[in-house]
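okay, predicted coordinates and the sequence, questions at the end:
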Amino acid sequence: MKGYAICGRLVDVEAGRVITNGLVLTEGNRIVYAGEAEGAPPADGYEAVTLVGGTILPGFIDCHAHLCGISKNYLNTPLEYIAIKAASDCGDLLDAGFTAARDMTKISPSLKRAIEDGWCRGPRIMAGSQVLSVTGGHGDMDTTYPVEFADDNLMGKLCDGKEECLKVVRQQFRRGAEFIKVCATGGVSSMSDGLDDVQFSTEELQAIVDEAARKGTYVAAHCSSLAGAKQALKCGVKTIEHGIVLDDECVELMVKNDCSLVTTLYVSLNVGNMAMLPEWLRAKGRLCAERNKVSIAKAHAAGVNIALGTDFGNKQQGAGSTDFSFIGKEFEAITQCGFTNMEALQIGTINGAKCMRKEAEIGSLKAGKLADVVICQGDPTQDITVLGDCANIRFVMKDGKVEKNTIGG
């Protein structure tokens with residue numbers, strides 16, 4: 001077999017157009033042709049893949065993942081159990097059409113290696129390792145536990161003072177981190193801080209950003225408040241996570257610094273109504289939803305690169321779950337904030353690739369790029385909700401290998 005010939009309606013996310021009679025040809029792990037079927041190179045010797053009524057898309061990209069194997073209370077769950085569950089969750093994420101993810105957990109470098117070595121199925125991971133936080137900050141999630149539990153766990157690492165921050169950043173790089181994430185402000189799910197809290201001092205945060213730059217990479221900053229977002233942007237972070245409150249100055253800095261905004265809108269819009277969560281957490285969440293809509297519209301109008309992120313953790317089944325089987329609901333949440341369906345698809349593909357600095361390799365269907373291809377049932381340019389159920393994702397190819405195929409099944 002020469003490769004695959006994937007035929008049907010095709011979305012060109014770079015041009016923002018739909019090709020009714022499209023064709024993607026893959027050989028090995030690369031795309032060799034993508035475009036109109038008419039006038040394409042001969043497809044003799046290729047294995048044909050067609051879904052009647054389906055749509056061909058680039059693999060989806062989640063720029064804010066927590067592949068941490070959460071089931072109930074991760075602080076009391078053995079790391080061995082978490083790692084095995086996280087490997088299973090990676091397969092679920094891939095089956096939902098996500099072929100790349102920027103992950104932020106202690107085990108992400110190991111998950112990346114296991115997937116690359118073929119020990120488990122999963123997306124192409126950009127590993128971020130632990131999220132850095134000050135003591136009593138957003139990473140100090142549950143202050144009813146002794147500080148030793150929060151100091152160094154699956155999700156985060158506490159660090160205070162410039163020298164300690166430098167050491168912890170270097171520890172993350174030693175483990176295999178490809179970028180650094182910090183909590184620049186308070187957050188919804190942490191007990192001991194307010195949404196508007198500014199967390200690291202400017203000296204601490206600048207030291208973290210400078211150390212990442214020396215390593216040839218960047219810092220991603222969790223930001224739910226205005227003052228903290230401004231501080232982070234002035235220190236030189238390259239991605240703002242959530243961006244719940246942004247003003248004109250923030251947006252101008254983002255454009256000037258080529259800084260991306262990562263969405264996490266499904267969680268932002270819905271956490272206030274998740275009945276299983278405690279009231280203090282839901283109350284914080286309700287404050288965020290409307291603020292978030294205003295901020296993302298402001299960033300979009302200014303031309304900021306907006307990338308899809310989910311903040312999903314596959315926590316628990318039932319109400320309040322962020323199960324990877326419906327992780328594609330983030331696309332619908334994006335459209336609920338004023339974006340067109342095509343814009344949502346671009347945010348979840350080519351824009352995510354730019355955020356990860358991998359747009360030359362992934363994010364669109366283009367000759368020379370890696371063969372990350374998804375076929376969904378239906379037409380998401382007309383009905384974006386079809387992406388919200390992994391059962392509608394009928395075919396997934398990553399790196400030229402067919403990872404899922406339920407066409408005809």
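On my side now, so go ahead.

go through the worst-scoring helix or strand of the chain on mean pLDDT and flag the buried ones.
Every helix and strand of the chain was ranked by mean pLDDT, DSSP states H and E. The lowest is helix 147-151, at a mean of 76. Using 16 or more other Cβ atoms under 10 Å as the burial criterion, the residues of helix 147-151 that qualify are residue 150. Using the backbone N, CA and C atoms, a C-beta is placed for each residue, glycine as well.

right, and the helix or strand after the top helix by length along the chain?
With DSSP state H applied, the helix covering the greatest number of residues in the chain is identified as helix 279-302. Beyond helix 279-302 in the direction of the C-terminus, DSSP states H and E gives the next helix or strand as strand 306-307.

what pairs with that next one, and is each one parallel or antiparallel?
Paired neighbours of strand 306-307 in the sheet (DSSP bridges): strand 260-262 (parallel).

quick check: next helix or strand after the partner strand?
Toward the C-terminal end, the helix or strand that comes next after strand 260-262 (DSSP H and E) is helix 265-270.

other SSEs contacting that next one?
helix 279-302, helix 329-335 (3 or more Cβ pairs under 8 Å, 6 or more residues apart in numbering; DSSP states H and E).

show me what contacts residue 128?
Contacts for residue 128 (Cβ atoms under 8 Å, 6 or more residues apart in numbering) come out as 102-105, 108, 172, 177-181, 220.

tell me the most buried of the helices and strands packed on helix 265-270?
Compared across those, helix 329-335 shows the largest average neighbour count, a mean of 23 (mean count of other Cβ atoms under 10 Å).

one step back: put the alpha carbons of the longest helix of the chain into PDB.
As requested, C-alpha coordinates have been extracted for helix 279-302 and formatted as PDB (Å, rounded to 0.1, in the frame of the first residue of the first chain):
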ATOM      1  CA  GLU A 279     -21.000  26.500  46.600                       C
ATOM      2  CA  TRP A 280     -17.900  28.600  47.200                       C
ATOM      3  CA  LEU A 281     -16.400  27.200  44.000                       C
ATOM      4  CA  ARG A 282     -19.500  27.600  42.000                       C
ATOM      5  CA  ALA A 283     -19.900  31.200  43.200                       C
ATOM      6  CA  LYS A 284     -16.400  32.000  42.000                       C
ATOM      7  CA  GLY A 285     -17.200  30.400  38.700                       C
ATOM      8  CA  ARG A 286     -20.400  32.500  38.200                       C
ATOM      9  CA  LEU A 287     -18.200  35.600  38.500                       C
ATOM     10  CA  CYS A 288     -16.000  34.400  35.700                       C
ATOM     11  CA  ALA A 289     -18.400  33.500  32.900                       C
ATOM     12  CA  GLU A 290     -19.600  37.000  31.700                       C
ATOM     13  CA  ARG A 291     -16.200  38.600  32.300                       C
ATOM     14  CA  ASN A 292     -14.600  35.900  30.200                       C
ATOM     15  CA  LYS A 293     -16.900  36.500  27.200                       C
ATOM     16  CA  VAL A 294     -16.000  40.300  27.200                       C
ATOM     17  CA  SER A 295     -12.300  39.700  27.400                       C
ATOM     18  CA  ILE A 296     -12.100  37.100  24.700                       C
ATOM     19  CA  ALA A 297     -14.100  39.300  22.300                       C
ATOM     20  CA  LYS A 298     -11.700  42.200  23.000                       C
ATOM     21  CA  ALA A 299      -8.700  40.000  22.300                       C
ATOM     22  CA  HIS A 300     -10.300  38.600  19.100                       C
ATOM     23  CA  ALA A 301     -11.100  42.100  17.800                       C
ATOM     24  CA  ALA A 302      -7.400  43.100  18.300                       C
END
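
just how off-centre is that helix within its chain?
In terms of Cα atoms, centre = their mean, to the nearest Å, the centre of helix 279-302 is set 18 Å apart from its chain centre.

could you pull up the mean pLDDT of it?
Here helix 279-302 scores 82 as its mean pLDDT.

just checking, what packs against it?
In this structure, helix 279-302 makes packing contacts with helix 248-256, helix 265-270, strand 306-307, judged by 3+ Cβ pairs under 8 Å, 6+ apart.
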